[in-house]
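**Student:** Everything below, folded, please.
(one chain, ligands or ions: 1)
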Amino acid sequence: MANALDGVKILDMTHVQSGPTCTQLLAWFGADVLKIERPNVGDATRGQLQDIPGVDSLYFTMLNHNKRSLTLNTKDTTGKEIFTRLLEECDVIVENFAPGALDRMGFSWERIQEINPRIIYASVKGFGPGPFEHCKVYENVAQCTGGAASTTGFDDGPPTVTGAQIGDSGTGVHLALGIVTALFQRETTGRGQRVYCAMQDSILNLCRVKLRDQQRLEKGPLKEYPQYPNGSFGEAVPRAGNASGGGQPGWVVKCAPGGPNDYIYVIIQAAIWAPFMRAIGREELIDDPEWATPEVRLPKLEKAFAMIEEWTLTKTKYEVMAILNPLNIPCGPILSMKEIAADQSLRDSGTVVEVDHPTRGKYLSVGNPIKLSDSPADVTRSPLLGEHTVEIMSDVLGYSDEQIAAARAAGAIGNEA
Ligand code: CAO
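**Tutor:** So this is what the prediction gives:
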């Protein structure tokens, strides 16, 4: 079966996480992703957090599936010529260097357009235009500046970053959408365009409801927040702990046997009050005027969840799930990474995949979470540094063996292979 992006060539100048997440998605959809790396050095993540000495780290392997690697010194004169040829051949160039790095190599957007007017030039940066536009940015900086940290955590604790890589991977996903949208528009205009995603902007897009709440707060207290009605609000949206954030109150409650992840998230949706109370043996509260409606429960939510917890503490999170789920009570167990790694349904759907790698052996990765019925996303291992240098120079650029040898002798391409 063909893939959706078959025939699309991506000049992948990305490194670390945000950019590689984007190009990995495009590769899963069938694009031919040519990852350009510095000779003998490569993407810094190859060597970061290594669990096996001398072997590409899981950080690298899990973000660079289905790509080809070419080592090229884009600051060398011959290297620049090769890079120019790559720009001529590719549909998209993606990069997430520190601001201005590509310009410093001599490849401004104007120059890139001159070389190939059809090319799409996509970038991730920490910030858009403004006081911070020249800053280097990593994940947690973005979470702090995009509104995630100030709204995450508990009211009496410090701002907290989330374990989800919403700054890096989140921005990469946004960028991928920008790229395919630009490819779609190119079908009618024939022109490429600049695609730019700032990590701060992408985080803010994911924190949209918190900006909603900031404006609601100016009109009165946020009634679904745990601060209402027994606590107090300041001038900015507060941290809401584990509150559900929507109109239906939710919280995390403890389960047996009491391990660090023996918890379940439960939501007291208005419609399920009666079956929920029946399930936990508190039928008397179903019609009790002190408890029967969402309005009267609101000031007593802490008590309500404590009551539910008394019951959940007698069962495992899976047993609670098995009882509440058939009653249509929205709930979900807190799953540890260990449990997720062993989850058979995630394996069956291809969301968790086992990949074989020539130097590391078998490892687990996350496959494509976006399932297309006509574009299978088979996960193939990440490339070794420079594994495809000769192949790309010859197949994509048409260089002869002599020209490749000369480029290597000039130090423009690496000799890793
Ligand atoms: N040949 C020659 N030079 C190369 C090259 C190649 N193939 N590939 C990269 N380089 C050079 C770059 O041109 C740059 O050189 P200059 O500083 O002389 O312009 C240099 O390598 C390093 O690039 P960098 O500044 O981007 O790398 P860094 O490790 O110092 O910074 C990061 C990393 C992530 C902070 C920075 O790239 C950044 O802010 N990126 C944008 C935001 C982003 O994506 N952040 C998230 C990363 S995922 O956690």
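**Student:** Around the ligand, pick out the residues from the stretch 301-417 of the chain.
**Tutor:** With Cβ under 6 Å from any ligand atom as the criterion, the stretch 301-417 of the chain does not come near the ligand at any residue. Backbone N, C-alpha and C define where each C-beta goes, glycine included.
**Student:** Strands of the stretch 301-417 of the chain, start to end?
**Tutor:** For the stretch 301-417 of the chain, applying DSSP state E, counting those that start in this stretch gives strands covering 331-333, 352-357, 361-366.
**Student:** Closest residue of the stretch 151-300 of the chain to the ligand?
**Tutor:** residue 168 (4.3 Å; Cβ to the nearest ligand atom).
**Student:** That residue: what's it in contact with?
**Tutor:** 16, 17, 18, 21, 138, 139, 142, 199 (Cβ atoms under 8 Å, 6 or more residues apart in numbering).
**Student:** same check, this time on residue 8
**Tutor:** If you count contacts by Cβ under 8 Å, 6+ apart, then residue 8 has 26, 30, 31, 32, 91, 92, 183 around it.
**Student:** List phi and psi for it.
**Tutor:** Phi and psi for residue 8, reported as degrees, to the nearest 10, are phi -90, psi 130.
**Student:** where exactly do the strands run in the stretch 1-150 of the chain?
**Tutor:** Under DSSP E, counting those that start in this stretch, the stretch 1-150 of the chain gives strands at 9-13, 32-37, 67-71, 92-95, 120-125.
**Student:** Show me what the shortest one is packed against.
**Tutor:** Spelled out, that is strand 92-95. Other elements packing on strand 92-95 under the criterion 3 or more Cβ pairs under 8 Å, 6 or more residues apart in numbering; DSSP states H and E are strand 9-13, helix 18-28, strand 120-125, helix 168-189.
**Student:** Could you rerun that using 6 Å?
**Tutor:** If contacts are counted by 3 or more Cβ pairs under 6 Å, 6 or more residues apart in numbering; DSSP states H and E, strand 92-95 sits against strand 9-13, strand 120-125.
**Student:** Adjacent strands (with direction) for that strand?
**Tutor:** The partner list of strand 92-95 in its sheet, established with DSSP bridges, is strand 9-13 (parallel), strand 120-125 (parallel).
**Student:** Redo the contacts of residue 8 as CSV? Include distance to the ligand and neighbour count.
**Tutor:** Formatted as CSV, those follow (distance: Cβ to the nearest ligand atom, whole Å; neighbours: other Cβ atoms under 10 Å):
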residue, distance to the ligand, neighbour count
26, 16, 27
30, 24, 20
31, 20, 28
32, 19, 21
91, 20, 21
92, 17, 27
183, 21, 20
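**Student:** so residue 243, which of the three states?
**Tutor:** Under DSSP: H, G, I helix; E, B strand; the rest coil, the three-state class of residue 243 is coil.
**Student:** Only the buried residues of the helix or strand bottoming out on mean pLDDT in the chain, if you could.
**Tutor:** Within the chain, no helix or strand scores below helix 294-297, which has a mean of 92 by mean pLDDT, DSSP states H and E. For helix 294-297, the buried set under the neighbour-count rule, 16 or more other Cβ atoms under 10 Å, comprises residue 297.
**Student:** Start the count at 57 instead of 1 going forward.
**Tutor:** Will do, 57 is the new start, and the previous item becomes helix 350-353.
**Student:** So what touches that helix?
**Tutor:** By Cβ atoms under 6 Å, 6 or more residues apart in numbering, the list of residues contacting helix 350-353 from outside reads 326, 347, 360.
**Student:** and the first one, what is it in contact with?
**Tutor:** This means residue 326. Each residue near residue 326 by Cβ under 6 Å, 6+ apart is listed here: residue 350.
**Student:** how near is residue 443 to residue 263?
**Tutor:** In this view, residue 443 and residue 263 are 39 Å apart by Cβ to Cβ, to the nearest Å.
**Student:** same deal with residue 188?
**Tutor:** Between residue 188 and residue 263 the computed distance is 17 Å (Cβ to Cβ).
**Student:** In terms of neighbours, single out the busier of those two.
**Tutor:** Set side by side, residue 188 and residue 263 give different neighbour counts by other Cβ atoms under 10 Å, the larger being at residue 263 (21 against 16).
**Student:** Now do the contacts for that one.
**Tutor:** Neighbours of residue 263 in contact, by Cβ under 6 Å, 6+ apart: 203, 204.
**Student:** How confident was the prediction at the residue at minimal distance from the centre of the chain?
**Tutor:** Here the mean C-alpha position of the chain is nearest to the C-alpha of residue 225 (Cα atoms, centre = their mean), at a distance of 2.7 Å. With respect to pLDDT, residue 225 has a value of 98.
**Student:** and residue 332, which of the helices and strands packed on strand 148-151 is closest to it?
**Tutor:** With Cβ to Cβ, the closest approach to residue 332 among the helices and strands packed on strand 148-151 belongs to strand 176-181: 44.1 Å.
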